[in-house]
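S.K.: Quick one: sequence plus predicted model below, questions after.
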Amino acid sequence: MSVIRFTGRSVVFRPRSLAVGAGCALLALALGVLAIGSGDYPIGPADVLSTLAGHGSVAQDFIVNQLRLPRVVTALLVGAALGLSGALLQSLVRNPLGSPDVLGFTQGASAGALVVVVTGGSSLALACGAVIGGLATGGLIYALAWRQGVHGYRLVLIGIGVAAVLTGVNSYLLTRAQLMDAARAVLWLTGSLDGRGWDNARPLAAAMAVVVPVVLGLGRALRMIEMGDDAAFALGVRVERVRLVLLACAVVLASFAAAAAGPVSFVALTAPQLAKRVTRAPGPGLLPSMATGAALLVAADWGAQRLFTGHQLPVGVVTGVLGGGYLVWLLATERRAGRI
Amino acid sequence: MTTNPKTGTEAAHAMESRAESRLTGNGLTLAYDKRTIAENLTVPVPDRSFTVIVGPNACGKSTLLRALSRMLKPVSGSVLLDGQDISSLPAKKVARTLGLLPQSSIAPDGITVAELVARGRYPHQGLLRQWSEGDERVVGESMAATGVADLADRMVDELSGGQRQRVWIAMALAQETPLLLLDEPTTYLDIAHQIEILDLCAHLHEEEGRTLVAVLHDLNHAARYATHLIAMRDGKVVAAGAPNDIVTADLVEEVFGLPCRVIDDPETGTPLVVPAARARKRAQL
């Protein structure tokens, strides 16, 4: 740990976590520049940067700032939101399986979106439906898990149960949709950044502008809760209040991310675990998880566009395959190390 | 407890005991959900004492400790800290006066001893005051007092049970509270480590003048180390006072249902409970 002290004030940080966080953030931005530059009309990274700064030709300006930048910004924001949401949930439930897709928040957002699809609503209505569905599911799971406070394992078990129910509901909703709507819904359900514009990025950016400072402000209390409710309580943390606020933040982040890009799977699960292994810090770090999530999603989206020429994959397919593979590897190594 | 108005002397007594006690449980009724554990329990913790709560399983001793540490909200009655209802005080302020070593805490994986002990400084810190020179000094002192200074850079999950318990005590010490509650601090430790932890507690009590309240399972340990013993059964305090005054064969029989003899501990002169041989127990059945 390192300390900066200045006139009676002091700030603590882990140099390694800071370096990893900054490194991943830079990596995410660099990947973003590469992603903007590649496509049917390739643009070099230097040109991309100068165009972003407002010095490009009219054609370049249109392609970079109008067509490709919104998609990359959406990817960065969604990745960061999912990474942070996963880091929060994994700390709160003290379980590396704590992530919005395991606990049912993502399925709730999907259900909300599907209801809108079935009733034939607009894209805006679909995004609203996703947010409302995610938040309602979060509230439901919290209420069901409440028994003189909410404990981690109870939240995981109830979350898994609710997720299973919602998966069934979602399948049912799909059968009720018209063929065209069902195709649109399936694409949305795999998570896709195709055709994402500022309209998709803006609500998520606004939500993050509110939620991220709250989360960072409570980050130290979260570290105490990792030691158990009793220990945190003894240190003067209002455990239940902090947990409720942070849980709400995690649900808001996951819901708005789903509204922007659909339920992109496994980013929330893997980003904090990757960040934790690279930073070697106790517990998933918040900022490194955000940066890792952003880098992961931009990289996955770039791969989704390029892996099969002439055929774009939804980004959720790539994160699902990569994330699922990573999870299996993680479980296998943990088992070999005798931890599970 | 009684419908009669308090007599003058009783009221004076109550005032007196409150004046000597920074931490008091006052008319506590404690329950989990609907199950009532204790009713109308009044427990003053004498200042600068090493108070030990003993009793058979499920007598409510841990529940009482949880209430005293404000982790369990009483159904009725109140816990007074320096004369004020503890539930009305700011959480961090309480945490600067009253420390607690919970029965089970989780060491985050990959955390070092020094980092874990440093977390005990949380109630003294803020967003802009995260790590002062004072914090650093106190953490060093806490590790020295518990004999874990040499382990500062070791991972907590690599340590033995006894070492780990000393690290958690060091964290509680780093909180710098005049009052420290310990919930079964010797559970899961072998006899040598149990004595080591209790010696450490006695040291903290005698040399540093802290008030300690511990729940212990072993009556002999309690009688040897406590300056103030509280014996509980079925949610009621059966006896409270200095071990030499209250520990008798009758009391042990009443509290634990165990026929025994009480002799003087040859090492310390404190009461030593020797359970009766099988033949005598059978005769009593």
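M.R.: Yep, that arrived.
S.K.: Now do the phi/psi pair for whichever residue of the stretch 51-200 of chain A sits closest to chain B.
M.R.: Per CB to the nearest CB, A:Arg94 is where the stretch 51-200 of chain A lies closest to chain B, at 6.7 Å. Every residue, glycine included, has its C-beta placed from N, CA and C. With angles defined as degrees, to the nearest 10, A:Arg94 sits at phi 50, psi 50.
S.K.: ok, it touching A:Glu226?
M.R.: Yes - counting by CB atoms under 8 Å, A:Glu226 is a contact partner of A:Arg94 at 6.5 Å.
S.K.: residues shared between the contacts of those two?
M.R.: B:Ile106 (CB atoms under 8 Å, 6 or more residues apart in numbering or on different chains).
S.K.: gap between the residue of the stretch 51-200 of chain A closest to chain B and B:Ala118?
M.R.: 20 Å (CB to CB, to the nearest Å).
S.K.: So those two - more neighbours on which side?
M.R.: For A:Arg94 versus B:Ala118, neighbours defined as other CB atoms under 10 Å in any protein chain shown are more numerous around B:Ala118 (24 against 18).
S.K.: what helix or strand is that one on?
M.R.: In this structure, B:Ala118 sits in helix B:113-118 according to DSSP states H and E.
S.K.: tell me which strands and helices that helix is in contact with?
M.R.: helix B:133-145, helix B:161-174 (3 or more CB pairs under 8 Å, 6 or more residues apart in numbering or on different chains; DSSP states H and E).
S.K.: Single out the most deeply packed of those.
M.R.: helix B:161-174 (a mean of 23; mean count of other CB atoms under 10 Å in any protein chain shown).
S.K.: could you give the angle of it to helix B:133-145?
M.R.: Orientation note: helix B:161-174 sits at an angle of 150 degrees relative to helix B:133-145 (axes from the mean of the first three to the mean of the last three CA atoms, to 10 degrees).
S.K.: can you dump the C-alpha coordinates of helix B:161-174 into CSV?
M.R.: Extracted in CSV, the C-alpha atoms of helix B:161-174 (Å, rounded to 0.1, in the frame of the first residue of the first chain):
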residue,chain,number,x,y,z
GLY,B,161,-5.4,-21.0,14.0
GLY,B,162,-3.8,-19.5,17.1
GLN,B,163,-1.8,-17.0,15.0
ARG,B,164,-4.9,-16.0,13.0
GLN,B,165,-6.9,-15.4,16.2
ARG,B,166,-4.1,-13.1,17.5
VAL,B,167,-4.2,-11.2,14.1
TRP,B,168,-8.0,-10.7,14.6
ILE,B,169,-7.4,-9.5,18.1
ALA,B,170,-4.7,-7.1,16.8
MET,B,171,-7.3,-5.7,14.4
ALA,B,172,-9.7,-5.2,17.2
LEU,B,173,-6.9,-3.5,19.2
ALA,B,174,-6.1,-1.2,16.3
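S.K.: quick one: average pLDDT of that helix?
M.R.: Averaged over helix B:161-174, pLDDT sits at 93.
S.K.: Does chain A have contacts with that helix?
M.R.: Yes - Helix B:161-174 lies within reach of chain A by CB under 8 Å from any CB of the partner chain, at B:Ala172.
S.K.: Kindly provide the whole-number mean pLDDT of the next helix or strand after that helix.
M.R.: Sequence-wise, the next helix or strand downstream of helix B:161-174 (DSSP H and E) is strand B:179-183. The average pLDDT within strand B:179-183 is 96.
S.K.: what's strand B:179-183 packed up against?
M.R.: Packing partners of strand B:179-183 (3+ CB pairs under 8 Å, 6+ apart): helix B:61-68, strand B:98-101, helix B:161-174, strand B:211-215.
S.K.: what are the ranges of the strands in the chain?
M.R.: Reading this off chain A. Shown for chain A, the strands assigned by DSSP state E span residues A:2-6, A:9-13.
S.K.: nope, chain B
M.R.: B:23-32, B:35-45, B:50-54, B:76-81, B:84-85, B:98-101, B:179-183, B:211-215, B:228-233, B:236-241, B:260-264, B:271-275.
S.K.: among the ones you listed, which is nearest A:Gly217?
M.R.: For those, proximity to A:Gly217 was assessed by CB to CB; strand B:98-101 is nearest, at 24.9 Å.
S.K.: who does that closest one pair up with?
M.R.: Applying DSSP bridges, strand B:98-101 is found paired with strand B:179-183 (parallel).
S.K.: A:Ala254: neighbouring residues, count only.
M.R.: By other CB under 10 Å, the burial measure for A:Ala254, its neighbour count, is 33.
S.K.: If you could redo that for A:Leu31, that was the one I meant.
M.R.: If you count neighbours by other CB under 10 Å, A:Leu31 ends up with 22.
S.K.: For it, give me the pLDDT.
M.R.: Per-residue pLDDT puts A:Leu31 at 93.
S.K.: Report the residue spans of the chain with pLDDT below the cut-off.
M.R.: Unless you meant another one, I'm taking chain A. By pLDDT under 70, the low-scoring segments of chain A are A:1, A:148-149, A:309-310, A:334-335, A:337-340.
S.K.: Chain B is the one I meant
M.R.: For chain B (pLDDT under 70), the answer is B:1-19, B:279-285.
S.K.: which parts of chain A sit against chain B?
M.R.: Chain A comes close to chain B at residues A:1, A:3, A:5, A:8-12, A:94, A:148, A:217, A:220, A:223-224, A:226-228, A:230-231, A:233-238, A:280-283, as judged by CB under 8 Å from any CB.
S.K.: contacts for stretch A:243-251?
M.R.: Contacts for stretch A:243-251 (CB under 8 Å, 6+ apart): A:84-85, A:88-89, A:92, A:100, A:105, A:134-135, A:137-138, A:142, A:150, A:211, A:214-215, A:218, A:222, A:225.
S.K.: same thing with stretch A:221-229?
M.R.: Residues outside stretch A:221-229 that contact it (CB under 8 Å, 6+ apart) are A:88, A:91-92, A:94, A:149, A:151, A:231-232, A:235, A:237, A:239, A:242-243, A:246, A:282-283, A:286, B:102, B:104-108, B:116, B:119, B:122.
S.K.: now stretch B:242-259
M.R.: For stretch B:242-259, the external contacting residues (CB under 8 Å, 6+ apart) are B:54-56, B:219, B:222-224, B:226-229, B:231-233, B:238-240, B:260-262, B:269-271, B:273, B:275-276, B:280-281, B:284.
S.K.: Stretch A:13-26 too?
M.R.: With contacts defined as CB under 8 Å, 6+ apart, stretch A:13-26 is touched by A:1-2, A:4, A:275, A:278-281, A:285, A:287-288, A:290-292, A:294-295.
S.K.: in that stretch, what's buried?
M.R.: A:Arg14, A:Arg16, A:Ser17, A:Val20, A:Gly21, A:Cys24, A:Ala25 (16 or more other CB atoms under 10 Å in any protein chain shown).
S.K.: for chain A, what are the nearby residues on the stretch 101-250 of chain B?
M.R.: Within the stretch 101-250 of chain B, the residues that sit near chain A (CB under 8 Å from any CB) are B:101-111, B:115-116, B:118-120, B:122-123, B:125, B:127-133, B:172, B:175.
S.K.: Check chain A for the residue nearest chain B and tell me.
M.R.: Counting by CB to the nearest CB, chain A gets nearest to chain B through A:Gly236 (2.9 Å).
S.K.: who's in contact with that residue?
M.R.: By CB under 8 Å, 6+ apart, the contact set of A:Gly236 is B:Pro90, B:Ala91, B:Lys92, B:Lys93, B:Val94, B:Ala95, B:Arg96, B:Tyr122, B:Pro123.
S.K.: For chain A, what's its nearest residue on chain B.
M.R.: For chain B, CB to the nearest CB, closest residue to chain A: B:Ala95, 2.9 Å.
S.K.: so what's that residue closest to, chain neighbours aside?
M.R.: Distances taken as CB to CB, 6 or more residues apart in numbering or on different chains put A:Gly236 closest to B:Ala95, at 2.9 Å, once the chain neighbours are dropped.
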